[in-house]
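1. Pasted the sequence and its predicted model underneath.
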Amino acid sequence: MRKIWTQVIYHLKKDKGSYVSFGIIILFTAFMLNLALVLTFQVDKAYDEKFNALHTATINFTVSKLQDTEQLSEALGNLQGVTEIDCREAIFSEAVVKEFRDTDFSMHTLFYNIEDVRKLNRLEVREEGQSVTDNAIYLPLYVASFGEFEVGDNIVYKIGDKSHTFYVSGVLEEMQYGNYGKGLMGAYLSGEAYQKLSEEQEENLVIEYSLLTDKNSDIEQIKKEIGNVLDEQEIVMLSMSDSISTKDTRTMVCNLLILILTAFACVILLVSVFLCKFRISNSMDEEIVNMGVLKAMGYTGNMIIGSIVIPYVMVTIVTAMIGVWCSYAVLPTLSNVLTLQSGFSFALVFDGKSLLCVELLLTSVVLLFTYRAARRIRRIQPISAMRGTGEERKVKKNYFPLETTKGKTQILLVLKQMFASGKQNVLLFFVSFVLAVLVAFASILFYNVIVKPDNFMSTLSEEMPEAIIYPKENAQEFLTDTLEKDKRVKSVLQYSVVNIEIEEEAVTTFVCVDFSKVSNDLCYLGENPKAQNEIALGSVFEENYKLGDSIELKNGNTVYSYKITGFVQSVNYQGNVCELTVAGYENFCGGESSPSLYVYLEDGNDTEAFLKEYSTKLADSITNTVNYEKIAKTSQDMFSGITAMIILAIFVLTMLIVLFILYIVIKSLLVQRKQELGIYKAIGYSNWQLMIQLAGSFLPISVVAILLSSLLGIVYMPYINQFIFHTVGAMKNNMEVSVPFLMVFAVLQIVINFVISIVLSMPIKKISAYSLLKE
Amino acid sequence: MAIGKEIIISAKNLKKSFHTGDTEQTIFENLNLDLYKGDFTVIMGSSGAGKSTLMYSLSGMDRPTAGTIFFAGKEITKCKDDQLAVFRRKNCGFVFQQIYLLEKMSLMDNVLTAGALGDRDKKSMIKRAKELFELVNIPEITQKKFSTQISGGEAQRAGIVRAVINDPKVVFADEPTGALNSNNSEAVLNVFTKLHKEGQSIIMVTHDKKTALRGNRVLYVKDGQIYGDCNLGNYTQGNTEREKKLDSFLAEMGW
């Protein structure tokens, strides 16, 4: 090692600019890779630890208090694999939370008495106010942080047509619900407040059973057995959840983030290893005489290879360390964002394991590629190296002979230069192509989230009217007629979201009078139900059913058979949904239902003013209204903000990589072609002509790679979108691939590449023809 | 001395110095010189006297530290880099000792690369290149070869073609035969003589007496000044009078 140390230092000093650029790219890679690894190693573990610490049940289900029996408890205790059972009373309601992030937020909520002793599903108080009043409520972390409620605030839950105001006494963490993804949230009232509400909501009182199961037991099997027990005792299940699907829902965004970070890190790593391979190859051409001298002096091939490889490995080790260190600066922010989304708090701390993985992975990849690039040194004979020839001189081809090729000489010179640089072209093509994939992805996001936001929003959400009106009993027809006569109203649709039980599990059900009139068709396979005996099932059922099959739904003792006409998606409910017609649902319920009215307004109308007017004018007919446009706008703004950040990050990252790569390529070329540039200058070529010639020689390859990648994007982007949306439960997406947008972004990338090349070629100005010729 | 001749380059109080650390090394100082149109001027001097530095300063390839140079009536010492590049492409042709052909190009492409900067259209440029290749005796098959595939003499003759493709006012040659054997040297010098006879102004740096005999004026650089100036008259083969005159001039200069 000591023997080659001088050479290592020589290489580091000689090419410090290139090593800095390479190091920065490795820093980015390590930064993203470490973020992904820390999230992988710590979030899952933190989730499980909290889950165990709060002694959380693996299965929770609710039944009406009226139907609850001693026998049920006994039967559940006898189930194989169940190790512990806890049960408590709660109030099950479809509540609208007022001023939830400045809007009204409708969600199924279970109100508990916080004073109940809990063996399972314990609660951890995160924050607590000083005084507890008779209307005190403890909010779960998700509701408090996402809904922007603080201790000391008031929160209003509207149940039916009555508003209930509670004083936020504390914020707590639980692992039973977590976030909105499961469609059910908890709220924890003080003893007095619970008592008051339960007296008013007597018909909604439920008993929640929480079961802890053996680690090795099959949760799906136990759920099935619970269903059987309930059937035997003729008890209707109102809701059911299990720890696996809850965890999947709560960690979905985190897992998606890990996927994106890892993909980005891999792309950049790939670029960086190609770059160091190119640099080593060029450096060997430049240093061939010195290598010959070293060999003649007695240095072995391995020693010279070592002197080339070691600087790259050293730079990788150091910059990866810095990248890892930098990642810890953003981890607190990242964990805050994930806490907000997942509804459980965790602190991301220094992780030696991930540091080791990042260092080992990056170092070994760089070592492998640099060694492969440098190993040809072994074959070079000292004498031929000293003559500057190295390996056998390849016979050159005179591309575009100026005498016979038609066209402007200046352009032909650019093409000649381009064709004479094979290695450079391969690197530029590869890098431009890969980066164009990222830019194409950014352009599609931009188009679908910012230009045509409905494409993105409709993929992630369900039906999106401007307003929802909940009519009072018997007022539905009158309200529908009145609304349909209003010129501001485009259409009115009877639509509601209810819960029914399918295969012993509560399933969110979209009930609509006519699915052909919906604005967001959720059906991705087959078609929506039209007749009373038809049903469209959520994506989770696709595994066990196919189109045309029949499915039996039980309501008490009565069994109803429905024909499956299609499959529908739902990101919010993870595909655990179904669609029924109003007639089909009423048949199932055995009575009339009172669906809410989804109101679609003509463009340019103020939804808030519209609802205010109706709430005042027809107060006798309306129980509640929801400004859904505002809710959608809130989500849309959030997604637009995130998307803008992603697009900016992709663009900055792409341009930085292009900058560093072109820096290394151009620097290599300036060193390699110093004499040639001197000759050009001597015969009268100006700096500007040479800069254009140099930058222009990269242009055709970048243009071909970027345009090819962008055009192929028309083919591959739908698959990438499908893959990404599939991971969050969207089986079909409405994302459009806009060719003009792809092209605009591609042209932008080409222009920026060219400008960067011109700027980086500026050192040509500093090279005087005379000094070049003197060398 | 040159009554009736048109001055093509005029240098006034020229100074060129280099800095090595804190030390200033002066190559020449307060140098004054006039060069004439149609002359084949040879610059001689001992090694390190600053012959090449002087020639490159006069051609606008290098910048003098002080003083002014007028080239065809235009002061080039005030020009910016790109202005100098444009000036060179219109007025100067260069022939180097190391030839410096572009390795990735054929001889023809080397010539046309320079030719592209001239005023001719592509067709007439190719025609002119072919005429010049014929003049320097390089057959068509060799024109398509790379510089690494031909002899030094052929390469240098191609270098001369490249230098004159745009009909420069002056051809500057820096020891053009320095790296060639005697046969190749002779062939290259014959080309210069041919060009001179056609009226081409040439300024050549050499330390070879035989080469210097091709010029009609010999300048001797010593101690940073034009130490001697000898008018030999036009070259004619086997003229011993000229040879004697040069011998005595060089002896006087301390050669």
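-> Sure thing, it's come through.
2. Which other helices and strands does the helix or strand hosting A:S327 contact?
-> Using DSSP states H and E, A:S327 falls within helix A:301-342. The elements that helix A:301-342 packs onto, with contact taken as 3 or more CB pairs under 8 Å, 6 or more residues apart in numbering or on different chains; DSSP states H and E, are helix A:2-14, helix A:16-53, helix A:141-146, helix A:252-286, helix A:288-297, helix A:352-374. Where C-beta positions appear, they are placed from N, C-alpha and C, glycine not excepted.
3. Kindly recompute the last result at 10 Å.
-> Judged by 3 or more CB pairs under 10 Å, 6 or more residues apart in numbering or on different chains; DSSP states H and E, helix A:301-342 is in contact with helix A:2-14, helix A:16-53, helix A:141-146, helix A:243-250, helix A:252-286, helix A:288-297, helix A:352-374.
4. Would you mind telling me which of those is nearest B:L180?
-> Distance to B:L180, taken as CB to CB, is lowest for helix A:288-297 among the helices and strands packed on helix A:301-342, at 23.7 Å.
5. now the angle from that closest one to helix A:2-14?
-> With axes from the mean of the first three to the mean of the last three CA atoms, to 10 degrees as the basis, helix A:288-297 and helix A:2-14 are set at 170 degrees to each other.
6. circling back to that earlier point, centre of the chain versus the helix holding A:S327, how much separation?
-> Using CA atoms, centre = their mean, to the nearest Å, the mean C-alpha position of helix A:301-342 is found 23 Å from that of the whole chain.
7. same question for it, mean pLDDT?
-> Averaged over helix A:301-342, pLDDT sits at 90.
8. One more: stretch A:137-150?
-> Mean pLDDT, taken over the full extent of stretch A:137-150, equals 90.
9. List the buried residues in the helix-or-strand element of chain B with minimal mean pLDDT.
-> None of the helices or strands of chain B scores lower by mean pLDDT, DSSP states H and E than helix B:81-91, at a mean of 85. Of all the residues in helix B:81-91, those buried under the rule 16 or more other CB atoms under 10 Å in any protein chain shown are B:L84, B:A85, B:V86, B:F87, B:R88, B:R89, B:K90, B:N91.
10. same thing with stretch B:143-156?
-> B:Q143, B:K144, B:K145, B:F146, B:S147, B:I150, B:G152, B:G153, B:E154, B:A155, B:Q156.
11. Quick check: closest non-adjacent residue to the residue nearest in space to the middle of chain A.
-> Closest to where the C-alpha atoms of chain A average out (CA atoms, centre = their mean) is A:L256, at 4.2 Å. Closest residue to A:L256 apart from its sequence neighbours, by CB to CB, 6 or more residues apart in numbering or on different chains: A:T727 at 6.0 Å.
12. Quick check: mean pLDDT of the helix or strand where B:Y227 lies?
-> Element membership of B:Y227 [criterion: DSSP H and E] is strand B:225-231. Predicted confidence along strand B:225-231 averages 93 (mean pLDDT).
13. And the next helix or strand past that strand?
-> In the C-terminal direction, the helix or strand that comes right after strand B:225-231 (DSSP H and E) is helix B:240-253.
14. Work out the gap between that following helix and the centre of the chain.
-> Counting by CA atoms, centre = their mean, helix B:240-253 comes out at 22 Å from the chain centroid.
15. out of everything not next to it in sequence, what's closest to the residue in the stretch 51-200 of chain B positioned nearest to chain A?
-> For the stretch 51-200 of chain B and chain A, the shortest gap (CB to the nearest CB) falls at B:R89, measuring 2.4 Å. Counting by CB to CB, 6+ apart, A:G684 is the residue found nearest to B:R89 once chain neighbours are left out, at 2.4 Å.
16. Is that neighbour in a helix, a strand, or coil?
-> When states are read from DSSP: H, G, I helix; E, B strand; the rest coil, the local structure at A:G684 comes out as coil.
17. Quick check on it: phi, psi?
-> As for A:G684, its main-chain torsions (degrees, to the nearest 10) stand at phi 110, psi 10.
18. May I ask which helix or strand of chain A has the lowest mean pLDDT?
-> The helix or strand of chain A with the lowest confidence, counting by mean pLDDT, DSSP H and E, is helix A:769-774 at a mean of 66.
19. A:Q341: which of the helices and strands packed on helix A:301-342 is closest?
-> With CB to CB as the criterion, A:Q341 lies closest to helix A:252-286 of the helices and strands packed on helix A:301-342, at 4.8 Å.
20. Also compute the angle for that closest one relative to helix A:301-342, please.
-> 160 degrees.
21. Quick one: list the elements packing against helix A:252-286.
-> If you count contacts as 3+ CB pairs under 10 Å, 6+ apart, helix A:252-286 packs onto helix A:2-14, helix A:16-53, helix A:301-342, helix A:352-374, helix A:422-445, helix A:628-672, helix A:687-727.
22. Output the first one as PDB, restricted to C-alpha atoms.
-> Extracted as PDB, the C-alpha positions of helix A:2-14 are listed here (Å, rounded to 0.1, in the frame of the first residue of the first chain):
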ATOM      1  CA  ARG A   2       2.800   2.400   1.000                       C
ATOM      2  CA  LYS A   3       4.400   1.800  -2.400                       C
ATOM      3  CA  ILE A   4       1.400   3.000  -4.400                       C
ATOM      4  CA  TRP A   5       0.300   5.700  -2.000                       C
ATOM      5  CA  THR A   6       2.300   8.400  -3.900                       C
ATOM      6  CA  GLN A   7       0.400   7.400  -7.100                       C
ATOM      7  CA  VAL A   8      -2.900   7.500  -5.300                       C
ATOM      8  CA  ILE A   9      -2.200  11.000  -4.000                       C
ATOM      9  CA  TYR A  10      -1.100  12.000  -7.500                       C
ATOM     10  CA  HIS A  11      -4.400  10.800  -9.100                       C
ATOM     11  CA  LEU A  12      -6.400  12.500  -6.400                       C
ATOM     12  CA  LYS A  13      -4.600  15.800  -6.900                       C
ATOM     13  CA  LYS A  14      -4.600  15.600 -10.700                       C
END
